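# Just need the structure, nothing else, for what follows:
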Amino acid sequence: MKPFSIRRRDCAFDAATWPAAMHPVLARIYAARGIRCDEDCEPRLARMIAPAALGGIDAACSLLAEAIAGGARICVVGDFDADGATGTAVAVRALRMLGARDVIYAVPNRFRHGYGLSPGLVDELVAETPALLLTVDNGVACHAGVDAARAHGLRVIVTDHHLPGPTLPAADAIVNPNLAGDAFASKAIAGVGVVFYLMLALRAHLREAGAFGAARPEPDLSVLLDLVALGTVADLVPLDANNRVLVAAGLRRMRAGRASAGVNALCRVGGRELARLVASDLGFALAPRINAAGRLDDMRLGIECLLADDESVATDLATRLSAINAQRREMQDTMVGQSEATVAAFIAAHGDDAFPQGVVLYQADWHAGIVGLVASKLKERLHRPVIAFAPGDEGGADLRGSGRSIPGFHLRDALAEVDARCPGLIGRFGGHAMAAGMSLALAHLDRFAAEFDAVARSRLDEAMLERVLWSDGELEPSDLSFDVALALRYAGPWGQAFPEPLFDNVFRLESWRAVGEAHLQLRVAIDGRGEPLEAIMFNAGDCMPPPARLRVAYHLDVDEWNGRERLRLLVRHLEPA
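Predicted coordinates for the structure are as follows:
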């Protein structure tokens, strides 16, 4: 595979147009990400898009208000990932706060029901006698499940953010910003964000109806923003302006000690301090523990943790989630190692040029709950779209696949093209530009792999396959400081499509040593300017001696050790200067 190349972002930057109190490095970072005025830098809740802009929301509010007024049982139907879990918790908590007296929830079992509102799940829910089903983070592709629910006399509200197919399910109301003609500007909002918006609109609907008063005061739904932030970061949706507002507001609540008991507990077991929490902590410490329940066990465990109000109950649930996550990590390491060995063997036998541009992997002993993580790891290392498959049933005749993509290659659209070229080849599929899931018969695997590679080759070009690290340029020695690192740490929130600042400089190597099995600890300095700096590169591979002069792409990091904070360079890539 090709090595990384470092490129610098284009940035027409005039420091005089930014507030004098803002550090020029931070202003430069914002400008490079398309922010043109200092007001846009601060993601305040006042800048949220109004809920009324979201299509289908009025019909959904009317149905929910009617159910609440009549004391009808409402069943929230979630999904088995962190977005679905947080969205389910937001819906259940908010509905109860808004006066619903009978709210239950259900989440499909990945292995028994498959994704979303399926007929099998509906058959089980009928025994719970709900009057209304509210889907969260699923439903727009669940035609059969919606039909089954309607056949049983149930009303169905779909809230989703996934891209719709050519037809929509026959739900009573659908709230999804990605429907054709929907005017809602934040198309990248996560499933948890969609249902949070619905709850805000429902509160306004009930307010206009006179539902609140001295006996029943209007609830403060901002208490749910920690869950909204967690689900948004976990689902890796682009952090557009509206999503940054939601994430920033949730992080402020967490740092102020006002998070839910479940989020507090997940922070503790994940070794994260609430007062220092940033978006990457949500993505790397909290979300994997929730996701692990849906991958290997039952997502109800994760949802119950997020619904818990008692600290001891939440801690017990978070501890159990952490143990499942450790098991998940072990399985993932094994599966990733097997996939890398498969790739290496193919390249050794056939060469780089013959390697697929659309990569499909499968092993009969892989776990269906882990294949998405395998695809993600391989996508990062190969810089190609990857779909990994595992048996979806005991006989292994049906497969479950999960894919991850690279910028410029719309994965769900690519699957739709395969489906159009070969009708009946794929079972079900759905997802986003960067991630998708699907089912496939084992007998169709080889043909699918060939067709997917053909579509990838038709849509990808050399520039898209180039492994590029986009840098925000070099820093002056005076900017290589703890204060600048601290300002950058809390200036985001950083994430998808609003990347954490990455810099590159040429350094002189002062010293180095291997740490553990694969990490590289460095001490570097800029020639003739500035003091030596500590740097570390995790998962550096064979830890060969670095060159005496080296170009380093790095994040300016605040490292905490034994209660003390210090400046450190977190190295993403190094090469001879």
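
# Now the phi/psi pair for residue 387, please.
phi -120, psi 130 (degrees, to the nearest 10).

# How about it, nearest residue that isn't a chain neighbour?
Closest residue in space to residue 387, ignoring its immediate chain neighbours: residue 403 at 3.7 Å, by Cβ to Cβ, 6 or more residues apart in numbering. Placement of C-beta: from N, CA and C, glycine included.

# and the one you found, which of the three is it?
With DSSP: H, G, I helix; E, B strand; the rest coil as the basis, residue 403 sits in strand.

# Could you report the neighbour count for it?
Around residue 403 there are 29 other residues, counting by other Cβ atoms under 10 Å.

# Specify the beta-bridge partners of it.
Legend: beta-bridge partners of residue 403 under DSSP bridges are residue 387, residue 436.

# where does the stretch 351-500 of the chain have low pLDDT?
Residues of the stretch 351-500 of the chain that meet the criterion pLDDT under 70 are absent altogether.

# next one: stretch 401-410 to chain centre, how far?
Between the mean C-alpha location of stretch 401-410 and the chain-wide mean there is a distance of 14 Å, by Cα atoms, centre = their mean, to the nearest Å.

# Stretch 363-376 now?
On the basis of Cα atoms, centre = their mean, stretch 363-376 is displaced by 18 Å from the centre of the chain it belongs to.

# Show me which residues of that stretch are buried.
When burial is assessed from 16 or more other Cβ atoms under 10 Å, stretch 363-376 yields the following buried residues: 363, 366, 367, 368, 369, 370, 371, 372, 373, 374, 375, 376.

# Same check on stretch 53-66?
By neighbour count on 16+ other Cβ under 10 Å, the buried set for stretch 53-66 is 54, 55, 56, 57, 60, 61, 63, 64, 65.

# Residue 132 is in contact with residue 63, correct?
Yes - with contacts defined as Cβ atoms under 8 Å, residue 63 counts as touching residue 132 at a distance of 6.5 Å.

# what is in contact with those two at once?
Taking Cβ atoms under 8 Å, 6 or more residues apart in numbering as the contact rule, residue 63 and residue 132 both touch 155, 157.

# buried sites along stretch 174-186?
By neighbour count, with 16+ other Cβ under 10 Å as the criterion, the buried positions of stretch 174-186 are 174, 175, 176, 177, 178, 179, 182, 184, 186.

# can you pull the pLDDT of the fourth one?
We have a pLDDT of 96 for residue 177.

# That one looks like it's in a strand, true?
No - using three-state DSSP, the assignment for residue 177 is coil, not a strand.

# for the longest helix seen in the chain, packing partners?
In the chain, assigned by DSSP state H, the helix with the most residues is helix 311-350. Contacts of helix 311-350 with other secondary structure elements, assessed using 3 or more Cβ pairs under 8 Å, 6 or more residues apart in numbering; DSSP states H and E, are made with helix 261-269, helix 287-296, helix 300-307, strand 359-362, helix 371-382.

# For the ones you listed, give me CSV that also has distance to residue 527.
Formatted as CSV, these follow (distance: least, Cβ to Cβ, whole Å):
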stretch, distance to residue 527
helix 261-269, 42
helix 287-296, 41
helix 300-307, 51
strand 359-362, 42
helix 371-382, 33
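
# Residue 239: which of the ones you listed is closest?
Among these, helix 287-296 comes nearest to residue 239, with 14.6 Å by Cβ to Cβ.

# Just checking the distance from that closest one to the centre of its chain.
Computed by Cα atoms, centre = their mean, the chain-centroid distance of helix 287-296 equals 13 Å.
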